[in-house]
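1. sequence and predicted structure, then a few things I'm wondering about:
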Amino acid sequence: MSNLEADRIKEDLKATVTELSDTYEELSLLYRLSEEFTGLGVDGICRLLLQKAVSLLGIKTGAILFLDSDSGRLYTRAYTGRWKADTSFKKEDSILWRAILSNKAITVCNHNTHRERLERISCDSLLIIPLNGKKQTIGVFLVADKADGREFYSGDMKLLTTIASQAALFIENALLTQEMQTFLIETIRSFVKALEASSLWTAGHTERVTRYALSIAELLRLDAHEIEKLRISSLLHDIGKIATPKEILNKNGKLDDSEWSEIRRHPIVGAEILSGLSSFREVIECIRYHHEHFDGTGIHGLCGGDIPLMARILAVADAFDAMTSDRPYRKKKSIEETIDEILDCAGRQFDPVVVRACIEWLKSPDYIVPPEPEARA
Amino acid sequence: MPKVMVIDDEPFILMMIEDKLRRGGLDVVTLRESKNAVEVIRREKPDLIILDWMMPEISGINICKTIKTDPDLSRIPVFMLTAKGQEDDEKLGISCGVDRYITKPFSPRILLELVLEQLGSR
């Protein structure tokens, strides 16, 4: 073997190792990326995908467009850089649609003067990557103009395509989860409406309590997962009243002792009704204990931190709505009177930390006075 | 030029790390067999050592223990490269004196950054 040949083989080997090294880099990126995507919601995945494009390729602009199957339009779901939030495209024979249908990335150089240029988008080089899930088309991922002014290489295209196809699968799953979650909440809402329809006095109570509880929970910095559990708990908190005789619920006057004790059973009955739902464990506990007293004088005698936090929040939200609503046997209180009474009960009936958050919320600009109930005939 | 010693029984990993570190301006010594690793370390006196955990003959963790208990060598930083991703493994590694624990598959780019950062902090 001549020296020249030996040198060439050495060079080839070096180039091969470098290429393998890049492939290994990509592999390790994907390996870590799937861990990062896990557990994120749709918006979190979109944000991460954009971040990766910025950090890996140094792009100046990026956007993720989702296909709305009803209108057939691609609308902006997330973006970074020079992009208008309301940018959307018709489903036509545009390059976007071609990328989706062929499931292949498309690069466009000199986009501004290109015959297929996209309206409303001004950039030099553009890379369009389809986002296809296993069963459905999600949309497209657009990146434009690298900070160094260079065009997109085939390596960039390959890298982003790999990341995007993985992201698309995660988005598809997250969308399905979201759809199921919405379906669950809407179903619960319908049941609650049916329940409230049979009572003259509690119309809208559940929705208001839910709104109050979530506002307090946000101030207490509960995480997204806990907020969702609290939403379901609040919507279902009075479900046990389905077993309370209508004459008691609708009685036009003060309740006697036996009627009160009948009403007081509703947290236990509610928890009992839901007991078959194993994934609702925390929701059930919250409902069971939402009338416990912080000082331990409630139905079950739980005290302080032994009462689940969600139940402590729900207790304050529930009482707030009850006090600010008319009842057959008493008129509603003003906000100031309600604040005084809730403060008075802090440490006895209610958790003082939750009370503080409730007062903070009532005094914040986020608080909106609930509408006056309609005059009753 | 700082010298980094890489010990791994997988030839591709060895070549790849060598390529990446050289391009990052470092001197690199590689070793595919762990049998005489400690002797070679004594002779080469590297500024940093990258070790694979699972190797036939002597495991990376045992080499690390030897280095860290030898007064002449103990100041050399050791990076442990391994497919063992469990938290307990990492704890064991750290308790044996590993300066940085990196799980496979790793990013060669980040490995280079970490090596330069470690060398720069001396």
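-> Here it is on my side, so go on.
2. burial count for the residue in chain B that chain A sits nearest to?
-> Nearest residue of chain B to chain A: residue B:105, at 4.0 Å (CB to the nearest CB). (Glycine included, C-beta is placed from N, CA and C.) The number of residues packed near residue B:105 is 16, by other CB atoms under 10 Å in any protein chain shown.
3. ok, now how distant is it from residue A:30?
-> Residue B:105 sits 9 Å away from residue A:30, going by CB to CB, to the nearest Å.
4. next: residue A:269.
-> Distance, residue A:269 to residue A:30, by CB to CB: 51 Å.
5. now residue 72: closest residue in space, sequence neighbours ignored.
-> In the absence of a named chain, chain A is used. In space, and not counting its chain neighbours, residue A:72 is closest to residue A:91: 3.9 Å by CB to CB, 6 or more residues apart in numbering or on different chains.
6. the intended chain is chain B.
-> Spatial nearest neighbour of residue B:72, excluding adjacent residues (CB to CB, 6+ apart): residue B:42 at 7.3 Å.
7. surely that neighbour touches residue B:73?
-> Yes - Residue B:42 lies in contact with residue B:73 (CB atoms under 8 Å); the separation is 7.1 Å.
8. in contact with the residue nearest in space to the middle of chain B, which residues?
-> Closest to where the C-alpha atoms of chain B average out (CA atoms, centre = their mean) is residue B:50, at 1.2 Å. Applying CB atoms under 8 Å, 6 or more residues apart in numbering or on different chains to residue B:50 gives the contacts B:4-8, B:17, B:78-79, B:81, B:111, B:115.
9. circling back to that earlier point, helix/strand/coil for the residue of chain B closest to chain A?
-> Following DSSP: H, G, I helix; E, B strand; the rest coil, the label given to residue B:105 is coil.
10. sorry, back to before: how close does the residue nearest to the centre of chain B get to residue A:340?
-> Residue B:50 is 68 Å from residue A:340, by CB to CB.
11. isn't residue A:42 right next to residue A:172, touching?
-> No - Residue A:42 lies out of contact with residue A:172 (CB under 8 Å); the separation is 9.6 Å.
12. show me what the lowest-mean-pLDDT helix or strand in chain B is packed against.
-> Every helix and strand of chain B was ranked by mean pLDDT, DSSP states H and E. The lowest is helix B:87-95, at a mean of 80. Contact here means 3 or more CB pairs under 8 Å, 6 or more residues apart in numbering or on different chains; DSSP states H and E; on that basis helix B:87-95 packs against helix B:60-69, strand B:78-82, strand B:100-103.
13. would you format those as TSV with distance to chain A, mean pLDDT and mean neighbour count included?
-> Formatted as TSV, these follow (distance: least, CB to the nearest CB, whole Å; pLDDT from 0 to 100; neighbours: other CB atoms under 10 Å in any protein chain shown):
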stretch	distance to chain A	mean pLDDT	mean neighbour count
helix B:60-69	19	92	19
strand B:78-82	12	92	24
strand B:100-103	9	90	18
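14. so which of the ones you listed comes closest to residue A:241?
-> Closest approach to residue A:241 among the helices and strands packed on helix B:87-95 is made by strand B:100-103 (54.1 Å; CB to CB).
15. okay, residue A:262 and residue A:246: tell me how far apart.
-> 12 Å.
16. neighbour count: those two, which is higher?
-> A direct count of neighbours by other CB under 10 Å for residue A:262 and residue A:246 places residue A:262 higher, at 17 against 11.
17. who's in contact with the more buried one?
-> Per CB under 8 Å, 6+ apart, neighbours of residue A:262: A:244-245, A:248.
18. I'd guessed residue A:67 sits against residue A:74; true?
-> Yes - counting by CB under 8 Å, residue A:67 does reach residue A:74; the two are 5.5 Å apart.
19. now do the shared contacts for the two.
-> By the contact definition CB under 8 Å, 6+ apart, residue A:67 and residue A:74 are jointly contacted by A:91, A:139.
20. CA-only coordinates of the least confident helix or strand of chain B in PDB, if you can.
-> The C-alpha coordinates for helix B:87-95 follow below in PDB (Å, rounded to 0.1, in the frame of the first residue of the first chain):
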ATOM      1  CA  GLU B  87     -29.700   6.300  41.200                       C
ATOM      2  CA  ASP B  88     -28.100   3.700  43.500                       C
ATOM      3  CA  ASP B  89     -25.400   3.000  41.000                       C
ATOM      4  CA  GLU B  90     -24.700   6.700  40.700                       C
ATOM      5  CA  LYS B  91     -24.500   7.000  44.500                       C
ATOM      6  CA  LEU B  92     -22.100   4.100  44.600                       C
ATOM      7  CA  GLY B  93     -20.000   5.700  42.000                       C
ATOM      8  CA  ILE B  94     -19.900   9.000  43.800                       C
ATOM      9  CA  SER B  95     -19.000   7.300  47.100                       C
END
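21. show me what from chain B comes close to chain A.
-> Residues of chain B that fall close to chain A, judged by CB under 8 Å from any CB of the partner chain: B:12, B:15-16, B:19-20, B:104-109.
22. let's go with 10 Å and repeat that
-> Selection of chain B residues close to chain A by CB under 10 Å from any CB of the partner chain yields B:12-20, B:22-23, B:103-111.
23. narrow those to those in strands?
-> Of these, the ones assigned to strands by DSSP state E are residue B:103.
24. about what we covered before: give me the distance between the least confident helix or strand of chain B and the centre of its chain.
-> Distance of helix B:87-95 from its chain centroid, counting by CA atoms, centre = their mean, to the nearest Å, is 15 Å.
25. residues of it that come out buried?
-> Buried positions in helix B:87-95, judged by neighbour count with 16 or more other CB atoms under 10 Å in any protein chain shown: B:89-90, B:92-93.
26. ditto for stretch B:108-116
-> Neighbour-count burial for stretch B:108-116, counted by 16+ other CB under 10 Å, picks out B:108, B:111-112, B:114-116.
27. contacts for that stretch, please.
-> Residues from elsewhere that reach stretch B:108-116 (CB atoms under 10 Å, 6 or more residues apart in numbering or on different chains): A:20-22, A:24-25, A:28-29, A:32, B:2, B:4, B:13, B:16-17, B:19-21, B:23-26, B:47-48, B:50, B:77, B:79, B:81, B:99-100, B:102, B:106-107.
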